[in-house]
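[1] Any chance you can model this:
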Amino acid sequence: MAELFATGRIVDLILALVLIEALGIALVHRFARRGPSLAELAPNLLAGFLLLLSVRAAISEVHWTLIALPLTAALLAHLADLIGRWGK
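    Numbers count the residues shown, from 1 in each chain. All right, here's what the predicted structure looks like:
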């Protein structure tokens, strides 16, 4: 278990869960006609996914630009989510 955290593989598992969550949301919305659409939640899910990518990059000790890039993209996704919610 410690190796899962030390290597950053835990982040990989969480990233996979975020993708499964997005698929589940899309399927429930499409077939059960319940809950929000994936389009409504996409900016929020994307922001979280990108933040996790930054954590994974930091754990991997890559060049700082490969940490900053998904962080910046997460900020943009977060702002898109806020703008979308503000208009409602």
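
[2] So Gly35, which state does it fall into?
    Assigned by DSSP: H, G, I helix; E, B strand; the rest coil, the conformation of Gly35 is coil.

[3] nope, Glu61 is what I meant
    Local secondary structure at Glu61 is given as coil here, using three-state DSSP.

[4] Kindly provide the distance from it to Leu51.
    From Glu61 across to Leu51, the span is 18 Å (Cβ to Cβ, to the nearest Å). (Glycine included, C-beta is placed from N, CA and C.)

[5] Between these two, which is the more surrounded one?
    Leu51 (17 against 9; other Cβ atoms under 10 Å).

[6] quick one: what helix or strand has that one in it?
    Assigned by DSSP states H and E, Leu51 belongs to helix 38-59.

[7] in that helix, what's buried?
    38, 41-57, 59 (16 or more other Cβ atoms under 10 Å).

[8] Check stretch 2-11 too.
    Neighbour-count burial for stretch 2-11 [16+ other Cβ under 10 Å]: Ile10, Val11.

[9] How about stretch 15-22?
    In stretch 15-22, counting by 16+ other Cβ under 10 Å, buried: Leu15, Ala22.

[10] so who does Asp12 touch?
    Contacts of Asp12 were listed using Cβ atoms under 8 Å, 6 or more residues apart in numbering, and they are Arg56.
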